[in-house]
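*Asks:* I would like to see how this sequence folds:
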Amino acid sequence: MPTQRYIVTPRSIETIISWVTSREIAIPEIQRPFVWNSTKVRNLLDSLYQGYPIGYLIVWCNPDVKLKDGLRSHGKKILIDGQQRVTALMAALLGQKVLDKNYNTMNIKIAYNPIEESFEVSNAAIQKDLTWIQDIASVFSHTFNSYRFVTDYCNTNSITDPEPISDNITKLLRIKDNQIGVIELDHELDIETVTEIFIRVNSAGVELSQADFAMSKIAVNETYGGNLIRKAIDYFCHLAVNPEFYRTIEHHDKAFVDSEYYPKMKWLKDTNNDIYDPKYTDMLRVAFTSQFTRGKLQDLVALLSGRDFATHDYSEEISEESFNKLKKGIMSFMDQTSFERFVMIISSAGFINGDLIGGSNAVNFAYIVYLRARSKGIDQAVIESLVRRWYAMSILRGRYTGSPETIFDSDIRQIDSQGLEQFINSVLETELPDSYWTGMLPQLMDTSSSQSPYWYAFLASQVKLNDRGFLSSDITVKALLELRGDVHHVYPRDFLKQQGIQRGQYNQIANFVLMQSEINIAISNSDPAHYFYILKSQCNGGEHKYGGIRDIEELKKNLAMNCIPESMLEGPIPSYDEFLKERRKLMALRLKDWFSSL
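*Replies:* You can find the predicted model right below:
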């Protein structure tokens, strides 16, 4: 029989709260925004009052660590499931403040009516109603005197029989005696096993990522400044999206402002660039992989715990060294020069806004490439070309879409062993041979997904090559993207629908072009044979109807920029299927020209 690697013990609410206040158990999310609304907190209290179960808490024990003097330190327990419930109890019963989504502190006051035995979120009406206890935290205070309260309450509300009120106050106080199951997981369990247990026990089946484990591990370590590292990650990601958030940091977290981290990120308050808005997972991956030459975050969790992969033991020296390396990685990630130059490089490839950035993994590894190249002292011009071409290859080949951690781990180890330039050039040659552009890519572009990386890459190529919008004489694709220009169907959607063409076909990316709204409106649902005839006619002195192009050579040049077959101007236009096949080939060759320019 397999050895049981956990124990399940019923614990009282009072015991759980005492563990948290005494720091015997760590809540790593305590410095992150509280995501429950006040109504959910009220419902939790009502469930406890009625004696209903509120689920399990899952605790993962930190490993015992060998100290420098040879002794062993018993690690803290980390609460990995139940953080919101415990935080809600701390807020409602002890009156502790929590952080809202803007990182502002707030109180959650739950009111209780001992006559009706009901709970509500405290509000202005309740505050005027003397039958309500406006905040149950007052009842759970160590200074609360039940007899005096019941006497005063009954006098205030003209109640002659105090016994029911006394009984209900006692029932309220007994909430802290309610039992909740605590699952304590053995410290030797690996992350995959812990994750599986989490999913099976958690009724919602919520995924708990390895990044979540890593962030928990970081947050609970104050010895090596993990709590500040965790704040730096959270605050940087929030600032990148909302520069005004710096006011909240400066007003509410003076200790962090005085730390070495805040000056490293303060520059974000003066930027509004949305090309790369990293989340905590992205920041953690980049910092870890670039510094540790590893790609699997489960290794970071182990290293921060002090694991020696050779001896399978845990030591304080490895834990300390790992926190120092992670700190260095976070500092490098936040460095203004590095971050802004990297964003500039991605932008110079044509990806000028966040809408053109699909998944985050490709851009994350591109930043890793940049940081590694810069640390090796590689010439800036060479770095720019390496990063641009690597990012382009990554999205065109979907390099990090399947098992990103495995590929991250493999790529960074190969970079470390082969050297950055040699590895990148060898991969580019293997992944993007001539046959890719003429054979594979046109087939891959047979898709109707508007989120397709090939469509994003095509738009980026048009930006980089300074192409003009479809049928525009002066307006560039870059300008249209900046102003949210229209995506138009070359063979209009309604026209195709009338022919019985289904959505998956009329929305093919090979049928998309970016164009000015007024031209799009003018074309409407016209038969392409008709409007291309008008286009040719207006270049030969005919009525000026679509856009500002009046010269046939300029029109042909515009069609070439947008990869529209010139056959559209010559006699009978091709069938829709023939048009798609020909345009995919032209788009693929345009992407090849773009890649060569990087």
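*Asks:* L89 contacts W19, doesn't it?
*Replies:* No - using C-beta atoms under 8 Å, L89 makes no contact with W19, being 11.8 Å away. Placement of C-beta: from N, CA and C, glycine included.
*Asks:* Between these two, which has more neighbouring residues?
*Replies:* Between L89 and W19, L89 has the larger neighbour count (other C-beta atoms under 10 Å), namely 25 against 19.
*Asks:* pLDDT score for that one?
*Replies:* In this model, L89 is scored at 91, pLDDT.
*Asks:* what do you get for the one 5 residues further on?
*Replies:* Reading off the per-residue confidence, L94 sits at a pLDDT of 90.
*Asks:* do Y103 as well
*Replies:* pLDDT, Y103: 68.
*Asks:* repeat for K68
*Replies:* 45.
*Asks:* Equivalent analysis for M215, please.
*Replies:* 84.
*Asks:* quick one, what contacts the nearest residue to Y261 once chain neighbours are set aside?
*Replies:* Spatial nearest neighbour of Y261, chain neighbours left out: A232 (4.1 Å); criterion: C-beta to C-beta, 6 or more residues apart in numbering. By C-beta atoms under 8 Å, 6 or more residues apart in numbering, A232 lies in contact with 256, 261, 264-265, 330, 334.
*Asks:* got any ranges where the chain has weak pLDDT?
*Replies:* Applying pLDDT under 70 to the chain flags residues 1-4, 26-33, 62-76, 101-103, 190-208.
*Asks:* and the residue nearest the centre of it, what does it touch?
*Replies:* Centroid-nearest residue in the chain: K279, 4.0 Å away (criterion: C-alpha atoms, centre = their mean). Going by C-beta under 8 Å, 6+ apart, K279 touches 237, 360.
*Asks:* I'd like the distance from it to T156, if you could.
*Replies:* 51 Å (C-beta to C-beta, to the nearest Å).
*Asks:* how far does the helix or strand hosting the residue nearest to Y261 sit from the chain's center?
*Replies:* In this assignment (DSSP states H and E), A232 forms part of helix 226-241. From the chain centre to the centre of helix 226-241 is a distance of 13 Å (C-alpha atoms, centre = their mean, to the nearest Å).
*Asks:* buried stuff in that helix?
*Replies:* By neighbour count on 16 or more other C-beta atoms under 10 Å, the buried set for helix 226-241 is 226-240.
*Asks:* Next: stretch 415-428.
*Replies:* 415, 420-421, 423-424, 427-428.
*Asks:* what do you get for stretch 346-365?
*Replies:* 346-347, 349-352, 356-358, 360-365.
*Asks:* Endpoints of it, how far apart?
*Replies:* 12 Å (C-alpha to C-alpha, to the nearest Å).
*Asks:* for stretch 249-268, same thing?
*Replies:* From start residue to end residue, stretch 249-268 stretches across 12 Å - C-alpha to C-alpha.
*Asks:* Touching that stretch from outside, list them.
*Replies:* 103-105, 228-229, 231-232, 235-236, 239-240, 243, 246, 330-331, 334-336.
*Asks:* Give me the contact list for stretch 478-491.
*Replies:* 352-353, 355-356, 450, 459, 462-463, 466, 469-470, 472, 475, 477, 496, 506-507, 511-517, 519-520, 523, 528, 564, 576, 579, 583.
*Asks:* Buried residues of that stretch, list them for me.
*Replies:* 478-481, 485-491.
*Asks:* do the same with stretch 361-380
*Replies:* 361-374.
*Asks:* just how off-centre is it within its chain?
*Replies:* That offset, for stretch 361-380, works out to 21 Å (C-alpha atoms, centre = their mean).
*Asks:* I'd like to know how far I126 sits from Q134.
*Replies:* For I126 relative to Q134 (C-beta to C-beta), the value is 6 Å.
*Asks:* what residues do those two have in common as contacts?
*Replies:* A111.
*Asks:* pretty sure D274 contacts L356?
*Replies:* No - here D274 does not reach L356: they are 10.6 Å apart, not a contact under C-beta under 8 Å.
*Asks:* Counting neighbours, what do you get for S216?
*Replies:* S216: 23 neighbours (other C-beta under 10 Å).
*Asks:* Also V41?
*Replies:* Neighbourhood size, V41 [other C-beta under 10 Å]: 24.
*Asks:* tell me the SS of it?
*Replies:* helix (DSSP: H, G, I helix; E, B strand; the rest coil).
*Asks:* what residues are up against it?
*Replies:* 88, 91-92, 108, 110, 121.
*Asks:* Now with 7 Å, please.
*Replies:* 88, 91-92, 108, 110 (C-beta atoms under 7 Å, 6 or more residues apart in numbering).
*Asks:* can you give me the helices for the stretch 101-250 of the chain?
*Replies:* 124-128, 146-156, 163-173, 191-201, 210-219, 226-241, 245-252 (DSSP state H, counting those that start in this stretch).
*Asks:* Figure out which of those helices is closest to T401.
*Replies:* Closest of the helices of the stretch 101-250 of the chain to T401 is helix 210-219, at 17.5 Å (criterion: C-beta to C-beta).
*Asks:* How about the secondary structure of L48?
*Replies:* helix.
*Asks:* Look up how far Y112 lies from it.
*Replies:* On the measure of C-beta to C-beta, L48 and Y112 end up 12 Å apart.
*Asks:* what's the answer for P53, then?
*Replies:* As for P53, its distance to Y112 is 21 Å (criterion: C-beta to C-beta).
*Asks:* Lovely, talk soon.
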